[in-house]
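Enquirer: Below are the sequence and a predicted model; questions follow.
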Amino acid sequence: MKKGVLLINLGSPDSTKTKDVRRYLREFLSDPKVIDVWFVRNIILNLFILPFRPKKSAKAYKKIWWEEGSPLIVLTERLQQKLQAKLDMPVAIGMRYGNPSIKEGLTELQQLGCESVFVIPLYPQYAMSTTETVVDKTLEIKEKFFKALKISFLPPFYNHPDYIQTLAQSIEKNLPQTFDKLLFSYHGIPERHIYKTDRSNTCEIGKCCFKDENPSHATCYRHQCYKTTELVREALNLPSKKVMQSFQSRLGSDPWLKPYTDETLENFPKKGAKNIAVVAPAFVSDCLETLEELAMEGKEEFLKNGGDSFTYIPCLNDSDEFVEILEKWCNEYQNNEERI
């Protein structure tokens, strides 16, 4: 049985034109796994976001856009090319939103003769609005267009020793010699998403995240973020007081995971943390949320409030070390040691 690999990332507008950004935001925010209350979704989309946000977001994308295109798309393409050079089975890419689509990626692999596909959602931690929507969309497309295709998914790798070691090495390589705080900034989600993904009904936000074991951990984004942070902190041999975690990119007025990154950066200098480094482990590819929201807006806010130095640590992107662990996992799949 010929096998292939499909790398799936978030996606990006086709260009920085307002019409392309609006089309992308419509698809992204129409996903019930992202904004999960239908009447709230319709109100937010049609009254607040689509009439105003695309123009503002287009300006933000222009700040980080590369000559080759969207950084997230370009970095995913580079990752695909490097991984393809290491493997003897075809590797394609697909985006959950925008182009190239998941359907296009599966079509490419099928045309190359693949009967089985190893899908890698490029999200270390599980969340309804990331891993879950990728799995659901991929299976929906399979049932409509590729019924005979066998599909396996790489599960979240937030605590996998290979990933932790690679992330720790990347941070260490970019970490200033002296710093007051290392901030792990994860993408935020509404608190209700944590409960919606908990099939065990054992999750209580703030009470079980730090337990060694709990049935909810398999799908608890908050726990998995804290676990990644703690394992990397231990790998770097840093004291707890040097490390902090926060959540960014909240939308609307409902409770989201706390503490918030923007408030954390604003308050750091007042609490004596004037030299900081920031990393974003919810992403493997740099994108608008990391390059503009953190490395530009976050830095500006931090310095404006009295900070002295701000170091943004890039995502793993297409680093050789990240390619190596993906190669290892793909070879395990090819050798019938499938992860799920």
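Expert: Good, I have the coordinates.
Enquirer: low-scoring stretches of the stretch 1-150 of the chain, by residue?
Expert: Residues of the stretch 1-150 of the chain meeting the criterion pLDDT under 70: 38-40, 47-48.
Enquirer: Now do the helices in it.
Expert: Along the stretch 1-150 of the chain, counting by DSSP state H, counting those that start in this stretch, helices occupy 18-29, 38-43, 53-64, 71-86, 102-111, 133-145.
Enquirer: The first one vs helix 53-64, what angle?
Expert: Using axes from the mean of the first three to the mean of the last three Cα atoms, to 10 degrees, the inter-axis angle of helix 18-29 relative to helix 53-64 is 110 degrees.
Enquirer: What is helix 18-29 packed up against?
Expert: In terms of contacts (3 or more Cβ pairs under 8 Å, 6 or more residues apart in numbering; DSSP states H and E), helix 18-29 is packed against strand 3-12, helix 53-64, strand 91-98. All C-beta atoms are positioned from the backbone trio N, CA, C, and that covers glycine.
Enquirer: quick one: which of those is nearest Ser240?
Expert: Among the helices and strands packed on helix 18-29, the nearest to Ser240 by Cβ to Cβ is strand 3-12 (31.1 Å).
Enquirer: Can you spell out which helices and strands pack onto that closest one?
Expert: Using 3+ Cβ pairs under 8 Å, 6+ apart, strand 3-12 is in contact with helix 18-29, helix 71-86, strand 91-98, helix 102-111, strand 116-121, helix 133-145, helix 320-334.
Enquirer: any idea how far Gln165 lies from Phe157?
Expert: The spacing between Gln165 and Phe157, counted by Cβ to Cβ, to the nearest Å, is 12 Å.
Enquirer: which of the two has more neighbours?
Expert: Taking other Cβ atoms under 10 Å, Gln165 and Phe157 do not tie; Phe157 has more neighbours (24 against 15).
Enquirer: what about that one, which helix or strand?
Expert: Phe157 belongs to no helix or strand when assigned by DSSP states H and E.
Enquirer: How about the one residue sitting closest to the centre of the chain: what's its closest non-neighbour residue?
Expert: Taking Cα atoms, centre = their mean, the centroid of the chain lies closest to Phe283, which sits 3.3 Å from it. For Phe283, ignoring the flanking residues on the chain, the nearest one in space by Cβ to Cβ, 6 or more residues apart in numbering is Cys315 at 5.1 Å.
Enquirer: one step back: did I read that right, the residue nearest to the centre of the chain in a helix?
Expert: No: using DSSP: H, G, I helix; E, B strand; the rest coil, the secondary structure at Phe283 is coil, not a helix.
Enquirer: you'd agree it is up against Glu293?
Expert: No: checked against Cβ atoms under 8 Å, the pair Phe283 and Glu293 is beyond contact range at 10.9 Å.
Enquirer: what's the span of stretch 148-166 from first residue to last?
Expert: 36 Å (Cα to Cα, to the nearest Å).
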